[in-house]
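Participant: Starting from these lines, generate the structure:
(one chain, ligands or ions: 2)
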Amino acid sequence: MKILVATEKPFAKVAVDGIRKEIEGAGYELALLEKYTDKAQLLDAVKDANALIIRSDVIDNEVLDAAKELKIVVRAGAGYDNVDLEAATAHGVCVMNTPGQNSNAVAELAFGMMIMAVRNFYDGKSGTELKGKKLGIHAYGNVGRNVARIAKGIGMEIYAYDAYCPKEVMEGDGIVPVDSAEALYETCNVVSLHIPATAETKNSINYDLVNRMPKNGLLVNTARKEVINEADLLRLMNDRPDLKYVTDIMPVHHAEFAEQFPGRYFSTPKKMGAQTAEANINAGIAAAKQIVGFLKDGCEKFRVNK
Ligand SMILES: NC(=O)c1ccc[n+]([C@@H]2O[C@H](COP(=O)([O-])OP(=O)(O)OC[C@H]3O[C@@H](n4cnc5c(N)ncnc54)[C@H](O)[C@@H]3O)[C@@H](O)[C@H]2O)c1
Ligand SMILES: O=C(O)[C@H](O)COP(=O)(O)O
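Facilitator: Ligands and ions are numbered 1, 2, ... in the order given. Okay, here's the model as predicted:
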């Protein structure tokens, strides 16, 4: 059995070593395709792979057609919007993610960007503190819960909205649940986005919603660029010179944001939320273990396609 790690953005070496230990320890062969620059390289590498470990790498119908021996794809990470689930099901390929394995890394980055923004991107002028401010967590999943944990230490008032998480879970964590996204944005000085990119959420962060934020509101996005209605946000930030936007996922209209909103906008050059040795180790080794469990015992825990 050949297990291919196909990562355009590679894991830390220590994580690859851990993956190798799991795969070779189970008697399988490990192949690496790292830092590839061309889809043709991926199409060639998947030809004889029985299992794939990927990150944000796009697995579409063309890749699945080329991967004649493929049984399983594990997205080492949370969001699996980069995998065509319907096509995978049609090809008889199981798709999994590794929930929770990179969430602390993302939560820490959200605070890194949050502090940078409220300190005016370190321009020397007086900024503000997070302590005592109202934080809105938009989606109370694995990342959202880690954000809440850190926010407690900072001394923020914490509110959350999640369309599917029971209010009792938030209350049990000492978080104030709110009934709608609208109520969250109306209430909070800072909103941190943690919704997945789905048909329901894409473009949902729009003019009306963000405009509900109080004066000097800050929107932090470590989720996906697709959830933002960029045209609306550009228009709103022009209409509301008090608002700031920081993101770990570079917008399609990055140049416009950067040019129009100096001192109010920041994007990491490349998605960095999960880019820590710890998150790479956690997610990479979990992916390797899930593949071994699937191939040896048929374990389908964490399967995300039907
Ligand atoms: N920047 C990065 O490197 C990075 C790393 C990890 C995750 N992410 C992104 O963050 C997202 C969240 O990650 P996670 O680990 O917390 O995932 P998760 O699956 O643990 O949590 C997602 C939460 O979103 C909620 N949700 C789904 N649809 C919603 C909606 N319409 N309105 C409100 N809540 C909704 C779910 O109920 C769930 O609680 C991922 O899907 C991914 O897109 C980015
Ligand atoms: O959904 C995720 O887990 C993140 O977007 C991580 O993406 P990456 O593995 O490309 O850093």
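Participant: For Asp123, which non-adjacent residue is closest in space?
Facilitator: Gly263 (6.6 Å; C-beta to C-beta, 6 or more residues apart in numbering). Glycine gets a C-beta too; all of them are placed from N, C-alpha and C.
Participant: Measure how buried that neighbour is and give me the count.
Facilitator: Other residues within reach of Gly263, judged by other C-beta atoms under 10 Å, total 11.
Participant: Report pLDDT for it.
Facilitator: Gly263 is assigned 97 on the pLDDT scale.
Participant: distance of it from Asp173?
Facilitator: Applying C-beta to C-beta, to the nearest Å, the value for Gly263 to Asp173 is 34 Å.
Participant: same deal with Ala287?
Facilitator: In terms of C-beta to C-beta, Ala287 sits 28 Å off from Asp173.
Participant: These two: who's more crowded?
Facilitator: Ala287 (33 against 16).
Participant: tell me the contacts of the more buried one?
Facilitator: 19, 53, 74-76, 96, 98 (C-beta atoms under 8 Å, 6 or more residues apart in numbering).
Participant: Quick check on it: phi, psi?
Facilitator: phi -60, psi -50 (degrees, to the nearest 10).
Participant: for Gln260, what are its contacts?
Facilitator: Gln260 touches 234, 237-238, counting by C-beta under 8 Å, 6+ apart.
Participant: which residues does the residue nearest to Asp123 contact?
Facilitator: Contacts of Gly263 (C-beta under 8 Å, 6+ apart): 120-121, 123.
Participant: And it, how close does it get to Asn104?
Facilitator: 29 Å.
Participant: Give me the neighbour count for the residue of the chain found nearest ligand 2.
Facilitator: When distances are taken as C-beta to the nearest ligand atom, the chain reaches nearest to ligand 2 at Gly77, 2.5 Å away. As a burial measure, Gly77 scores 25 neighbours (other C-beta under 10 Å).
Participant: Dump the contacts of Gln260 to a markdown table, plus neighbour count and secondary structure.
Facilitator: Formatted as a markdown table, these follow (neighbours: other C-beta atoms under 10 Å; DSSP: H, G, I helix; E, B strand; the rest coil):
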| residue | neighbour count | secondary structure |
| --- | --- | --- |
| Leu234 | 20 | helix |
| Met237 | 21 | helix |
| Asn238 | 11 | helix |
